[in-house]
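1. Kindly return the folded structure for what I paste below:
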Amino acid sequence: MTRGFAACLLAAWSCTSTPPPLPGAIVVGLANSPANLDPAVGLDEASQKLHQLLYSSLLRTDDALRVVPDLATRFETADSQTWVAEIPPGVRFHDGREMTAADVAYTFQRFLDPAFVSGRKGAYRALESVEVTGPYTVAFHLREPSVSFPINLVMGIVPAGAGAGLARQPVGSGPYRLVEFVPDDHVTLAAFEDYHRGAPGNPGLTFKVVPDDTMRGLELRKGSLDLIVNDLGPDLVFGLQREGRLQIVTGPGTDFAYVGFNLRDPALADARVRLAIAHGIDREAIITHLRRGLGTLTAGIVPPMSWAHADDVAPPAYDPARARELLDEAGFTDPDGAGPRPRLALTLKTSTAEAYRLQATVIQRQLADVGIAIDVRSYEFATLFADVIRGNVQLYTLQFVGVTDPDMLRRVLHSEQIPPAGLNRGHYRNPDVDRLLAAAADTLDPEAQKRLYMEVQRLAAADTPLVGLWTKVNVAVAQPDLRNIALSPTADFGFLQHVTRTAR
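-> Residues are numbered from 1 along each chain as shown. From the prediction side, this is the model:
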């Protein structure tokens with residue numbers, strides 16, 4: 001018994017149950033177990049990744065982060081309050097039944113049911129009804145204009161009447177069907193031969209849950225895992241890259257890390273102080289040394305590959321001298337010349353996760369060089385997030401994950417989006433920004449909308465309501481015999497259907 005227990009300690013998770021054999025399956029490592037395989041309910045990252053393989057969606061986001069048809073053969077609107085979608089005949093669910101407009105309607109009508117519990121319901125507040133207008137056609141009627149509504153149709157279609165059983169026994173029409181789901185251990189998917197775009201290039205996928213970062217790296221090294229996407233720390237990726245045996249595939253991402261400000265704080269209410277902080281942080285050093293290059297320097301929330309990105313807006317340069325000048329202008333002069341006393345003192349709240357505590361420590365040291373004393377306090381994420389929402393912060397670090405829709409600017413910067421209504425956690429207010437965002441929400445002209453979003457980004461850059469640290473670089477680490485690994489900006493798992501293995 002002692003030897004067995006010791007073996008478990010040495011092998012960590014390998015003493016859990018063994019996934020059923022599926023010859024030729026690609027084995028993918030996950031940091032966390034999926035919580036719920038119903039696409040309307042499962043909000044955690046692991047669940048959403050599997051939804052992409054089990055279900056087909058009406059729409060998808062392309063590499064420029066535009067919302068474009070996926071399953072839909074027609075998607076159009078005459079105004080911003082009615083959207084019409086048509087699906088092709090002959091699409092089959094995993095149980096063999098044909099998908100019709102009734103399935104599409106049921107998928108989204110669930111959000112209108114008061115008894116239906118989902119964290120996604122807030123995104124459908126504008127949805128008034130879903131009408132079946134033909135065997136394969138549905139109309140979405142909105143209570144108010146919303147040109148950003150289509151992003152909410154990027155979600156898997158489920159069979160009418162499927163109910164709560166989808167959480168553990170999903171029935172979709174995606175490229176894979178469920179074989180087995182053992183929470184906290186593994187999920188096995190088999191290729192769906194009747195997939196409407198043709199069967200996947202591999203016989204199936206096994207997702208193994210390996211909570212420990214180091215153990216995931218070891219399992220890759222010994223070949224027990226074939227592939228990991230964005231679930232290895234930068235130092236581990238760097239070490240594996242130096243070894244040179246495994247494939248390292250990278251691509252631009254959309255996760256945005258930032259320093260947030262509470263603009264109700266007397267010092268931080270001054271835009272010159274906020275800009276001084278931006279000039280005092282060496283973000284390139286953070287990307288190079290802490291992120292091991294797995295990040296890009298960006299000016300704001302909208303990712304560089306987005307159709308709405310303002311290419312003429314540059315992030316503030318690292319310029320300690322300019323930071324000191326701005327602090328002087330704001331009245332925070334150096335009290336003792338070359339002495340140790342700071343110009344002002346602020347508190348920075350961050351996560352207890354090691355990477356973010358280290359990042360906060362680097363920011364603390366850099367800002368000390370311009371005369372700002374930073375008291376770093378780290379908290380479990382739930383506590384940190386609650387403090388941010390309540391405004392019980394001065395400075396804080398967080399990430400916006402999976403930024404695809406430029407309407408995120410409205411949710412973060414509009415004065416009506418202060419929590420709990422939205423994500424304007426810093427209580428930023430600018431009437432010009434509000435006006436431009438309202439105009440962007442009302443226009444159906446893509447070029448006009450782009451111009452409005454770009455002007456918002458220019459105004460926000462001048463006001464500095466937050467400081468971008470980096471935008472994530474997606475990374476996949478894979479065995480050398482895998483082919484067709486291609487990462488989208490959102491690092492979705494759709495590419496796995498194209499992955500093949502060369503003969504060993």
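2. Please name the residues that touch the spatially most central residue of the chain.
-> Centroid-nearest residue in the chain, with Cα atoms, centre = their mean: residue 402, separated by 2.3 Å. Residue 402 makes contact with 254, 255, 490 under the criterion Cβ atoms under 8 Å, 6 or more residues apart in numbering. To be clear about C-beta, it is placed using only N, CA and C from the backbone, and glycine gets the same treatment.
3. Report the separation between residue 220 and residue 56.
-> The gap separating residue 220 from residue 56 is 31 Å, by Cβ to Cβ, to the nearest Å.
4. tell me the secondary structure for the nearest residue to residue 183 once chain neighbours are set aside?
-> With sequence-adjacent residues excluded and distances taken as Cβ to Cβ, 6 or more residues apart in numbering, residue 183 is closest to residue 33, at 5.3 Å. Recorded secondary structure, residue 33: coil (DSSP: H, G, I helix; E, B strand; the rest coil).
5. likewise residue 432?
-> With three-state DSSP as the criterion, residue 432 reads helix.
6. That one and residue 194: what is the separation?
-> Taking Cβ to Cβ, one finds residue 432 at 54 Å from residue 194.
7. and residue 80, what pLDDT?
-> For residue 80, the model assigns a pLDDT of 77.
8. Can you report how many residues lie near it?
-> Neighbours of residue 80 under the rule other Cβ atoms under 10 Å: 18.
9. which element is the nearest residue to residue 440 once chain neighbours are set aside on?
-> In this structure, residue 440 finds its nearest non-sequential neighbour in residue 452, 4.0 Å apart by Cβ to Cβ, 6+ apart. Residue 452 is located in helix 446-463, with elements delineated by DSSP states H and E.
10. Over to residue 83?
-> Using DSSP H and E, residue 83 falls in strand 82-86.
11. So which bits of that strand are buried?
-> If you call a residue buried by 16 or more other Cβ atoms under 10 Å, then strand 82-86 has these buried ones: 83, 84, 85, 86.
12. just those residues now: which is nearest residue 471?
-> Of all the buried residues of strand 82-86, residue 83 has the smallest distance to residue 471: 30.1 Å, by Cβ to Cβ.
13. neighbour-wise, which of residue 432 and residue 194 wins?
-> More crowded of residue 432 and residue 194, by other Cβ under 10 Å: residue 194, with 14 against 11.
14. What confidence value was assigned to the nearest residue to the more buried one once chain neighbours are set aside?
-> Leaving out its chain neighbours, the residue that sits closest to residue 194 by Cβ to Cβ, 6+ apart is residue 92, at 4.8 Å. As predicted, residue 92 sits at a pLDDT of 98.
15. gap between residue 92 and residue 57?
-> Distance, residue 92 to residue 57, using Cβ to Cβ: 16 Å.
16. Settle it for me: which of these two has more neighbours?
-> residue 57 (23 against 15).
17. what pLDDT, on average, does stretch 453-469 get?
-> 96.
18. swap in stretch 266-274?
-> The model assigns stretch 266-274 a mean pLDDT of 97.
19. can you give me the offset of it from its chain's centre?
-> On the basis of Cα atoms, centre = their mean, to the nearest Å, stretch 266-274 sits 29 Å off its chain's mean C-alpha point.
20. Provide the contact partners of it at residue level.
-> Contacts of stretch 266-274 (Cβ under 8 Å, 6+ apart): 261-263, 326-327, 329-330, 332, 344, 346, 394-395, 462-465, 467.
21. before we move on, which element is residue 179 in?
-> With DSSP H and E as the test, residue 179 turns up in strand 176-182.
22. which parts of that strand are buried?
-> For strand 176-182, the neighbour count (16+ other Cβ under 10 Å) marks 176, 177, 178, 179, 181 as buried.
23. Alpha carbons of the next helix or strand after that strand, as CSV, please.
-> Using DSSP H and E, the helix or strand that directly follows strand 176-182 along the chain is strand 186-191. Extracted in CSV, the C-alpha atoms of strand 186-191 (Å, rounded to 0.1, in the frame of the first residue of the first chain):
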residue,chain,number,x,y,z
HIS,A,186,-11.4,13.0,-19.2
VAL,A,187,-13.7,13.6,-22.1
THR,A,188,-13.6,11.3,-25.1
LEU,A,189,-15.1,12.4,-28.5
ALA,A,190,-15.4,10.4,-31.6
ALA,A,191,-15.5,11.7,-35.2
